[in-house]
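Enquirer: fold the following.
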Amino acid sequence: MPPTVSVLLPIYNAAETLSAALDSTLSQAGAGFEVVAVDDGSVDGTSKILAEYAVRDPRLRCLRIAHSGLVAALNFGLARCRGEFVARMDSDDIMLPGRLSKQAAYLQKHPGLAGVACRVRREILPGGGIPPELTEGARRYLDWNNSLTTPEAIRREIFIESPLVHPSLMLRRTVLVENGGWREFDGPEDYELWLRLIVGQGLKLGKLRSVLHLWRDRADSLTRTDERYRQAAFVATKVRYLAEYLLPDFPGFVVWGAGPVGKELMRAFRRLGKVPAAIVEVHPRRIGESIAGAIVVGLDEVERFRDYLHLGAVGQPGARERIRQQAAQAGLVEGENFFCCA
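Expert: Next up, the predicted model:
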């Protein structure tokens, strides 16, 4: 009889943290599960650790491939998962008690959901070497991420950043398989998957309010060192989905904010051959100027562009809420014709 849950665990040179990750996963109670561990050609002690655990616990299925990268490991493992649900896990994280049983029960109770994540707590690994400014940025990101617990909130804010922490998610296996699993490209594979499911396919992803996953951070993690997770790659990915799935329903788009974030957004659109109809700015000295081929207008002129798609692109603390208020006062509806993108 197949397990209810397959825990998909890609691993590369994780001997330092793997035992703690396996202990936290194999100690989960209340859900029938297997652990599909894909050793992506590790050259440290990872293979030995996996072999030792597999002897003690038959729920652990150890697979090994030539080093091919995260996406290849994920898809190789997915093809061998047998469970109704696939729970992601990372080899340097900790699965907190009750995660698998609570997520599986929630998906069984809510058949309209394609998947469900959970709230996450962050911990810096010993010797993590993360500068204070990056630590503060991660804290703000996780506070925002943990605040999004409904499918509606996740969809509404999906163009700001990734609204889900990848290794905290449990998805229906059929959803992953039918939508092609993870895609290999020069950008973030997890964020692209959320966009593909939510924006491209109209599916719903939720999040449990319980903190059930410990995200263990350090300076040399993939999300901090790999070019696929740089800011420009996130912007290019979100713009591609905006252009392909939302923009066709509007005569054009308007960008709110002509600062660094707005200009980066417009550059990404320009690479797709698209230029905003206008740029909304609150600074009087810029009104009437032309930036990137678009005229700069004030709040009093937004009415002229009511039928357009409006994109908020100001990233300073507190600015997002001010733009939301100004857009609402102009009669725009967030999640329909207005989206925050920063």
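
Enquirer: name the SS class of Asp39, please.
Expert: Classification of Asp39 using DSSP: H, G, I helix; E, B strand; the rest coil returns strand.

Enquirer: and if you look at Gly180?
Expert: Under the three-state scheme (three-state DSSP), the conformation of Gly180 reads as coil.

Enquirer: how far away is it from Arg172?
Expert: Gly180 sits 14 Å away from Arg172 when distances are taken as CB to CB, to the nearest Å. The way it works is simple: take the backbone N, C-alpha and C, and place the C-beta from them, glycine included.

Enquirer: under the pLDDT cut-off, which ranges of the stretch 1-150 of the chain? List them.
Expert: Segments of the stretch 1-150 of the chain classed as low confidence (criterion: pLDDT under 70) are 126-134.

Enquirer: ok, which stretches of it are strands?
Expert: Residue ranges of the strands in the stretch 1-150 of the chain, as given by DSSP state E, counting those that start in this stretch, are 5-11, 33-40, 60-65, 85-88, 94-95, 115-124.

Enquirer: if we can go back for a sec, Gly180 and Arg172 - which one has more neighbours?
Expert: The neighbour count for Gly180 versus Arg172, taken as other CB atoms under 10 Å, is higher for Arg172 (19 against 10).

Enquirer: assess the claim that that one and Ala114 are in contact.
Expert: Yes. Between Arg172 and Ala114 there is a contact under CB atoms under 8 Å: 5.9 Å.

Enquirer: tell me which of the strands of the stretch 1-150 of the chain sits most buried.
Expert: With neighbours defined by mean count of other CB atoms under 10 Å, none of those is more surrounded on average than strand 5-11, at a mean of 28.

Enquirer: what does it rub up against?
Expert: With CB atoms under 8 Å, 6 or more residues apart in numbering as the contact definition, strand 5-11 has outside contacts at 18, 21, 25, 31-40, 42, 46, 50, 70, 73-74, 77-78, 81-91, 100, 104, 170, 173.

Enquirer: if we use 6 Å, what do you get?
Expert: Applying CB atoms under 6 Å, 6 or more residues apart in numbering, the external contacts of strand 5-11 come out as 25, 31, 33-40, 46, 70, 73-74, 77, 81-83, 85-89, 91, 100, 104.

Enquirer: count the residues that sit near Arg304.
Expert: Arg304 is flanked by 12 other residues according to other CB under 10 Å.

Enquirer: over to Arg155?
Expert: Other residues lying near Arg155 total 20 when counted by other CB under 10 Å.

Enquirer: any idea how far the closest residue to it other than its chain neighbours lies from Ala114?
Expert: For Arg155, the nearest residue in space outside its immediate sequence neighbours is Ile198; the separation is 5.4 Å by CB to CB, 6 or more residues apart in numbering. In this structure, Ile198 and Ala114 are separated by 9 Å, where distance is defined by CB to CB.

Enquirer: same deal with Phe76?
Expert: 22 Å.

Enquirer: how about Ala31?
Expert: As for Ala31, its distance to Ala114 is 19 Å (criterion: CB to CB).

Enquirer: mind listing what Arg59 touches?
Expert: Counting by CB under 6 Å, 6+ apart, Arg59 touches 34-35.

Enquirer: which residues of the stretch 201-342 of the chain fall in helices?
Expert: Here the stretch 201-342 of the chain has its helices, by DSSP state H, counting those that start in this stretch, at 222-225, 231-241, 260-271, 319-329.

Enquirer: dump those to a markdown table, plus mean pLDDT.
Expert: What follows is the helices of the stretch 201-342 of the chain, written out as a markdown table (pLDDT from 0 to 100):
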| stretch | mean pLDDT |
| --- | --- |
| helix 222-225 | 66 |
| helix 231-241 | 96 |
| helix 260-271 | 94 |
| helix 319-329 | 92 |
